[in-house]
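S.K.: model the structure of this input:
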Amino acid sequence: MEQCLTQRQREIVELAGRLADEFAERAAEHDRDGSFPFENYERMREEGYLGLTVPEELGGMGAGLHDLILAQERLAAGDGSTALAVSMHVSPIGQLASLWRASGDERLADVLRRAADGRLVYASMSAEPGDPTLMSSRTTAQPVDGGFRVTGKKIFGTESAVCTEFSTRALVDDPERGPTVIFFRLPRDVEGMTVKETWDVMGMRATQSNDFELDDVFVPEEDVFHRYPANHFDGTMLKTVWGWAMPTFGAVYLGIGAGAMAFARELALKMKKADNPEVQHLFAEMEVLLETARAVLHRHAHEMETGALYADLPVQEGMSKAVLAKYVATNNACGIVDRALHVVGGAGYFRRFPLERMYRDVRAGPIMPYTNLEAHDLFGRTSLGIEIAPAVSLPDSHRPQTSGIERAVR
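M.R.: So this is what the prediction gives:
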């Protein structure tokens, strides 16, 4: 179904669409070779897409979370791997923009300006085995003069092939605060970082999400941009990482589903299947799955942009709603692609058609953190009022200055 968009949103979606159509032409080659789409990043730099979520006053396009969700869905309809990879840039940059608007921090402004003009390609690469919550870390940080020495192993280093800077986390045993998680930025060429070429997978092959190791890497104190007590939910992380990353991931996988549906529609019309009641029923189901997921994503964006989700709710409740947006979108996307394959039939099994790649790519959605099993645990315990972990409230400096009702009216 057609989406109801503002003129500005239409322009953003049209930009994403032009890029998606171009990237789709070489997506199969990158998928087959498992090669990173460097040329796609050049095109996104030329078109200003890498500055999508940078505030306009700092040289970017000023897209908010709702705009980003729309753009990433459309981009993924053409090339899921490129869309997922660039999510690791445009989503964190949007998160930093939200912090900059609250603080006016000139260091953040510098990061955002460099993202706007293409000098900086950012990546959020914090994943570790068995820890979806980011409440702790197996990577250790030892305090030294002027900063920390960090050692540890990371997985799913999406965008490590192209980023110029990245963020990650470590655990420091702070003598005053106790065990503390720190988040910090590093240049991609930092001494002591080694990328391990482990990415040999079923889908999302062109993301080249390789593992990497940090061996006694020096992190200057000024590059630590956030910290909170270990084994706590954190309000600032909800406002930034969880509130932005979860729906953005969901939008990517939903875009793959939308792309599969468009391919199935084109083929069904070409093969004179449109009058088949079973085909009509499959398209009805796909529309319901697509529009239901969009509704959840867009509600989430509204609750983030008004501040209600991170300012008015308990942190664990807000976390549940953020994860729900990703959960619904990724699972609905799988359902759409499954039905698209039923419509297309045997042709969808051939690698010369994009549906085969989409079928593999979309499977990564439900197993990205939070996985379905982890999400069920979060939803169930939150619904029953069971505290999973203590929470650190959002600082007053990061709270909206108006009431929830006033924000909703705006």
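S.K.: what are the ranges of the strands in the stretch 101-250 of the chain?
M.R.: Across the stretch 101-250 of the chain, reading from the start of the chain, the strands by DSSP state E, counting those that start in this stretch fall at 122-124, 140-144, 147-157, 165-174, 178-187, 193-196, 210-220, 224-229, 233-234.
S.K.: the stretch 301-410 of the chain now?
M.R.: Here the stretch 301-410 of the chain has its strands, by DSSP E, counting those that start in this stretch, at 391-392.
S.K.: host element of Ala71?
M.R.: Assessed by DSSP states H and E, Ala71 sits inside helix 65-78.
S.K.: one step back: in a markdown table, list the strands of the stretch 101-250 of the chain along with mean neighbour count and mean pLDDT.
M.R.: For glycine as for every other residue, the C-beta is placed from the backbone atoms N, C-alpha and C. Converted to a markdown table, the strands of the stretch 101-250 of the chain look like this (neighbours: other CB atoms under 10 Å; pLDDT from 0 to 100):
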| stretch | mean neighbour count | mean pLDDT |
| --- | --- | --- |
| strand 122-124 | 25 | 96 |
| strand 140-144 | 16 | 97 |
| strand 147-157 | 20 | 97 |
| strand 165-174 | 21 | 96 |
| strand 178-187 | 19 | 96 |
| strand 193-196 | 15 | 96 |
| strand 210-220 | 17 | 98 |
| strand 224-229 | 17 | 94 |
| strand 233-234 | 25 | 96 |
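S.K.: ok so, going back, mind saving the C-alpha coords of the helix holding Ala71 as CSV?
M.R.: Once non-C-alpha atoms are left out, helix 65-78 reads as follows in CSV (Å, rounded to 0.1, in the frame of the first residue of the first chain):
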residue,chain,number,x,y,z
LEU,A,65,14.3,8.7,13.2
HIS,A,66,11.0,8.5,11.3
ASP,A,67,12.8,9.7,8.2
LEU,A,68,15.6,7.2,8.7
ILE,A,69,13.2,4.3,9.0
LEU,A,70,11.5,5.3,5.7
ALA,A,71,14.8,5.7,3.9
GLN,A,72,16.4,2.5,5.1
GLU,A,73,13.3,0.4,4.2
ARG,A,74,13.5,1.7,0.7
LEU,A,75,17.3,1.3,0.4
ALA,A,76,17.0,-2.3,1.6
ALA,A,77,14.4,-3.1,-1.0
GLY,A,78,17.3,-2.9,-3.5
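S.K.: now the strands of the stretch 101-250 of the chain in JSON lines, with distance to Phe353?
M.R.: Converted to JSON lines, the strands of the stretch 101-250 of the chain look like this (distance: least, CB to CB, whole Å):
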{"stretch": "strand 122-124", "distance to Phe353": "31"}
{"stretch": "strand 140-144", "distance to Phe353": "48"}
{"stretch": "strand 147-157", "distance to Phe353": "28"}
{"stretch": "strand 165-174", "distance to Phe353": "35"}
{"stretch": "strand 178-187", "distance to Phe353": "41"}
{"stretch": "strand 193-196", "distance to Phe353": "33"}
{"stretch": "strand 210-220", "distance to Phe353": "28"}
{"stretch": "strand 224-229", "distance to Phe353": "44"}
{"stretch": "strand 233-234", "distance to Phe353": "44"}
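S.K.: do you know which of these lies nearest Arg8?
M.R.: Nearest of the strands of the stretch 101-250 of the chain to Arg8, taken as CB to CB: strand 122-124 at 23.7 Å.
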